[in-house]
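# let's see this in three dimensions:
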Amino acid sequence: MTLRACAFLLLAGCSVDGPVDATDVGSPDTAVGDVFGGLPERVTWAEVQPAYLRNCGGCHGGQGRGGTDFATVYEDALADSDSCAPDHLLRPLRVASCAVERVDAGTMPPGDVVVPEADAELMRRFLSSGLAFE
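Numbers count the residues shown, from 1 in each chain. Here you go, the predicted structure:
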């Protein structure tokens, strides 16, 4: 079974029937993008915004709830957040960084909603891409 197949089964919440051949798990250099169906390494606002809208838009998408509309307004994603602790240099996190921190911690979205890992990875890559607009 390939690494891609194992990752798909894990993300889908499935189990593997039978042993996994340890010689067929890919190399340590296997790109994360391969595991996530070819997600781009560099993610722009246009690519991440649909994931924000799907997962955060109910409260943060222009309805006047949640204190920020970062799921629909790029400038709101760049704004300083008051919902997360400052970084190690005591600088406020940007809303986009706070959103990822809270998704990863399981405190957002509220309730029993879980952000799909591929969407969370898009959000992380948006951060690592410097919150690029284009």
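# and for the closest residue to residue 44 other than its chain neighbours, the neighbour number?
Nearest residue to residue 44 in three dimensions, chain neighbours excluded: residue 132, at 4.8 Å (Cβ to Cβ, 6 or more residues apart in numbering). Quick note: C-beta positions are derived from backbone N, CA and C, even for glycine. Neighbourhood size, residue 132 [other Cβ atoms under 10 Å]: 14.
# in this protein, where is pLDDT below threshold?
1-37 (pLDDT under 70).
# verify the stated contact: residue 57 with residue 73.
No: the pair residue 57 / residue 73 is not scored as a contact, 11.1 Å apart, by Cβ atoms under 8 Å.
# who touches both of these two?
Residues touching both residue 57 and residue 73 by Cβ atoms under 8 Å, 6 or more residues apart in numbering: none at all.
# enumerate every residue touching residue 97.
With Cβ under 8 Å, 6+ apart, residue 97 has these contacts: 81, 84, 127.
# for residue 57 and residue 73, indicate the residue with more neighbours.
residue 57 (20 against 16).
# now the more buried one: how far from residue 80?
Between residue 57 and residue 80 the computed distance is 21 Å (Cβ to Cβ, to the nearest Å).
# likewise for residue 128?
Taken as Cβ to Cβ, the span from residue 128 to residue 80 is 19 Å.
# how about residue 129?
On the measure of Cβ to Cβ, residue 129 and residue 80 end up 19 Å apart.
# does the spatially most central residue of the chain count as helix, strand or coil?
Central residue check for the chain by Cα atoms, centre = their mean: the C-alpha nearest the mean position is that of residue 120, 1.7 Å away. The three-state assignment at residue 120 reads helix, by DSSP: H, G, I helix; E, B strand; the rest coil.
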